[in-house]
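[1] Take this sequence and fold it.
(2 chains)
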Amino acid sequence: MIHSKRVGRSPSHDYVAGNGLINRRALLGQGIAIAGAVGAAGSINGAAADPLVDEPWSLEFGSVIPPVQTPSPFEKNVVRSLSNPNGEFRNSHARTPHQLLGGTVTPNGLHFTICHCGVPNIDPAKHKLVIHGMVRQPLEFTLETLSRYPLVTRTAFVECAGNSAPMFSKVPLQTTAGMLHGLVSNSEWTGVPLSTLLDEAGIDPNAKWLIAEGADAQQLDRSVPVKKAYDDALIAIYQNGEHLMPGNGYPMRLLLPGYQGNMNVKYVHRIKAVDQPAYSYFETKNYSQILPGGKTWRFHFVMEVKSFITHPSFGLNLGEPGVYSISGVAYSGTGRISKVMVSADGGKSWGEAALQGPIHEKAFTRFVMPWRWDGQPAVLLSRAYDDGGNVQPLRAEFVAKRGEAVNPVTTPLAFPNQHYNSTTSWAVDSKGEITHVYA
Amino acid sequence: MFTRKPFAIIAFVLSFSAVPALAQNAGLGKPLTEGDTKQWDIAILPDGTNLPTGSGTPAKGAKIFAEKCSACHGDAGKGGIAPYYPALVGGQPLTNGIDTVKTIANYYAYATTIFDYTRRAMPYNMPRSLTDDEVYSLTAYILSLNKLIGDDDVMDAKTLPQVKMPNRDNFIMPYPDRL
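    As a prediction, this is how the structure comes out:
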């Protein structure tokens, strides 16, 4: 036993930062003992276990296997948070409950959805994708013809530019990681490179922009640089191995890895090559930001490097003191996550978290940091770095550059501004209760 | 970069020859003419490209607005009956804060956006039911309410792109290299 060789080693060697952060290789089968736990047998509180008995489900024949399986009834609380549960005549959001999920792939039923005019019910046999404008030959594609191309598969997060917007509040809102950050999700997407279709249509070299438009009631449209189309854009037709969910663009969507969610036009039915951006409603108003002093950003496409802790977090209070894993997701719209640092003392000291590979560019990477909670107050936060040298800004530096909302933010459904990528801090009190704080 | 795709490699190699690129494509797209796309081709560019024929005035727009728009946007566009429907008139200075409500008068860069979005998405319950003349009139009415054009100004394909929006020159691009 490797661990037996470590008996007698000072536990303090395995702490990598203040307030109980443990070397990331501990607990991961790489031969480093858990700090302070070496030699301890079983639970530290020593409570007696109940005698083992056969439970009812192990004594009877199980239920019929359904054609499409759904989660256990015991998982009934693992649902998206709805902004418009009664279907009022306005836009609707459904937020991913990150605090109840693990790994990196968002289950299709829990991928975030924003629809500005309801979810269209599209017959895939009648849906068309047209490419026209500054091209040699306008072309029409169907789901069937797109399926005949050599498809490519990649993992990518999609994040609404307004994700985490309640963090612009001067006062931290007391709500879950899913309510704060639930407008980002991560999937494996399969589709046809948009560049293949543009080449087939013969795009004019003078075309610098594409107007991508959906088949929804508003025919939502966004201007996309041709440069992005030839970098890594897809017309996606599968999401985690099945055709897209209706709320995520069925039967096809534009996928622009790392760019504002709204630009990843769902139900895409038309792409027009043009020589100038359209200044469509959504790029004119919603997805453009006011900066301190009154200047405004336009064409801020990139969702910048970011991370947040999902476990533990608001709503997941701790029980007894002892070992826990601090875990969360990190991602960058410009590349791969290179490092995530975690602090348990509000940013005074930091330890490097373990990253769960494979690490894809422009996709979720889960980080894990073993932690021994000693029952005293702690403040947990994470900070992500990407391979382009970008660093997630600490709150003070972010606020200095981007500002805070002047008016009180009374609901996590509000969007006082956009493109928030600073840190999220969770305070643990001596009872193990968790609140949202700014550190 | 999808540089390892078979088609991309073929296209790259043959781009140095005189062979037309079309010969190397999958050829799965069904050819259309630009005429076939007419009903869908509704995006208006800020220089006025693709604006349709027709025209409208604020006075005509006021009548249409009262009939088809005020139920949500309020009388004279002053604000929604419910909080979800935005006011179409007025707006605070953007120096008030990063959470200042964005409006046509304090934010939009081009007046063509009003025409485009009204035609594609409004009324919310009957999108693309307005005639082009109605959209020109509604656009003219909204612009006149905001004092961005005169009460008697006619909006058409020529005049609409010439309307100067107050915030147009206030934008900066954080990532110009990505265009």
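[2] Please count neighbours and contacts with C-alpha atoms only from this point.
    Noted.
[3] so what's the closest residue to A:Y438 other than its chain neighbours bridging to?
    What sits nearest to A:Y438 in space, not counting adjacent residues and going by CA to CA, 6 or more residues apart in numbering or on different chains, is A:S425, at 5.9 Å. Beta bridges link A:S425 to A:L381, A:V437, judged by DSSP bridges.
[4] residue contacts, A:S425?
    Residues counted as contacts of A:S425 (CA atoms under 8 Å, 6 or more residues apart in numbering or on different chains) are A:346, A:379-382, A:436-439.
[5] Mind doing that once more with 7 Å?
    Contact analysis of A:S425 by CA atoms under 7 Å, 6 or more residues apart in numbering or on different chains lists A:379-381, A:436-439.
[6] what's the nearest residue to B:F65 if we skip its chain neighbours?
    Per CA to CA, 6+ apart, closest to B:F65 is B:L138, 6.6 Å.
[7] right, and that neighbour touches B:G61 too?
    Yes: with contact defined as CA atoms under 7 Å, B:L138 reaches B:G61; the gap is 4.3 Å.
[8] Between these two, which has more neighbouring residues?
    Regarding B:L138 and B:G61, a neighbour count based on other CA atoms under 10 Å in any protein chain shown identifies B:L138 as having more, with 29 against 22.
[9] where's that one, which helix or strand?
    Element membership of B:L138 [criterion: DSSP states H and E] is helix B:132-145.
[10] as a whole number, average confidence for that helix?
    Averaged over helix B:132-145, pLDDT sits at 98.
[11] quick one: terminal-to-terminal distance for stretch A:371-384?
    Using CA to CA, to the nearest Å, the end-to-end distance of stretch A:371-384 comes out at 18 Å.
[12] And for that stretch, what's in contact with it?
    By CA under 7 Å, 6+ apart, stretch A:371-384 touches A:19-22, A:305-309, A:321-326, A:330, A:339-346, A:391-392, A:423-430.
[13] Just the buried ones out of those residues, please.
    A:19-22, A:305-309, A:321-326, A:330, A:339-346, A:391-392, A:423-429 (16 or more other CA atoms under 10 Å in any protein chain shown).
[14] Go through the contacts of stretch A:371-384 and flag which are in strands.
    Counted as lying in strands by DSSP state E, out of these, are A:21-22, A:306-309, A:322-326, A:330, A:339-343, A:425-428.
[15] tell me how far stretch A:354-367 is from the chain's mean position?
    Taking CA atoms, centre = their mean, to the nearest Å, one finds the center of stretch A:354-367 at 12 Å from the center of the full chain.
[16] can you pull the buried residues of that stretch?
    Quick answer for stretch A:354-367 (16+ other CA under 10 Å): A:354-355, A:359, A:361-367.
[17] same check, this time on stretch B:56-71
    Neighbour-count burial for stretch B:56-71 flags B:56-62, B:64-65, B:69-71 (criterion: 16+ other CA under 10 Å).
[18] quick check, nearest of the residues you listed to chain A?
    The nearest member of the buried residues of stretch B:56-71 to chain A, counting by CA to the nearest CA, is B:A71 at 12.6 Å.
[19] sec struct for the closest one, please.
    Three-state assignment for B:A71 (DSSP: H, G, I helix; E, B strand; the rest coil): helix.
[20] Grab the nearest non-local neighbour of it.
    Computed as CA to CA, 6+ apart, the closest residue to B:A71 that is not its neighbour in sequence is B:I81, at 7.1 Å.
[21] And for that neighbour, the neighbour number?
    Neighbours of B:I81 under the rule other CA under 10 Å: 15.
[22] What is the three-state secondary structure of it?
    coil.
[23] I figured it was touching B:S70, is that so?
    No: at 8.8 Å, B:I81 does not count as touching B:S70 under the criterion of CA under 7 Å.
[24] Flag every residue of chain A that's near chain B.
    Within chain A, the positions adjacent to chain B are A:90, A:137-141, A:145, A:200, A:217-219, A:225, A:227, A:231-232, A:278-281, A:284-285, A:290-300, A:403-406, A:416-417 by CA under 7 Å from any CA of the partner chain.
[25] Return the members of the residues you listed classed as buried.
    A:137-141, A:200, A:217-219, A:225, A:227, A:231-232, A:278-281, A:284-285, A:290-292, A:294-300, A:403-405, A:416-417.
[26] Among the buried residues of stretch A:354-367, list the two that are farthest apart in space.
    Largest separation among the buried residues of stretch A:354-367 by CA to CA: A:A354 and A:K362, giving 18.4 Å.
[27] and the gap between the closest residue to B:A157 other than its chain neighbours and B:T113?
    Nearest residue to B:A157, sequence neighbours excluded (CA to CA, 6+ apart): B:L51, at 5.3 Å. From B:L51 across to B:T113, the span is 11 Å (CA to CA).
[28] Looking at these two now, which is surrounded by more residues?
    Counted by other CA under 10 Å, B:L51 and B:T113 do not tie: B:T113 has more neighbours, with 26 against 22.
[29] pretty sure that one is in contact with A:F282, am I right?
    No: the criterion here is CA under 7 Å, and B:T113 misses it with A:F282 at 9.6 Å.
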